[in-house]
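Visitor: pasting the structure only:
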């Protein structure tokens, strides 16, 4: 049942993003930013953490989880170091994912040729 919940949560979120993309003038960058901000807002209200507990990987693989990680990192930084901790701790939780994306993009740029 856990797999079904994860699949349904991620599927509904992706379907909503596709509907936004197809039926509005929003670009992929707009929808990505919207989901990131939505993840931070849901995290502020404590909803995203409940989604992670209920839907597991279905909620943790979406771009909205990046907003959640940014918010929780900034909050922990604020609690530990004050206002400057927001900026010094902001990317702590997501730095591994960002680094992996950069490294994989670099490696695959040598393997595949871009389309014209």
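Guide: Looks like it came in fine. Please read all numbers here as calculations on a predicted model, not as lab measurements.
Visitor: pLDDT of the longest helix that the chain contains, averaged?
Guide: The residue-count maximum for a helix in the chain (DSSP state H) belongs to helix 2-23. Mean per-residue pLDDT for helix 2-23: 94.
Visitor: can you list contacts of it?
Guide: Contacts of helix 2-23 with the rest of the structure, by Cβ atoms under 8 Å, 6 or more residues apart in numbering, involve 26-28, 31, 34-35, 51, 54-59, 61-62, 64. For the C-beta atoms, the positions are set from N, CA and C on the backbone; glycine is no exception.
Visitor: Would you mind checking the residues you listed for buried ones?
Guide: 31, 34, 35, 51, 55, 57, 58, 59, 62, 64 (16 or more other Cβ atoms under 10 Å).
Visitor: any idea which element the fourth one lies in?
Guide: Translated: residue 51. Assigned by DSSP states H and E, residue 51 falls within helix 47-55.
Visitor: Now do that helix: distance to the chain's middle.
Guide: Centre-to-centre, helix 47-55 and its host chain are 13 Å apart (Cα atoms, centre = their mean, to the nearest Å).
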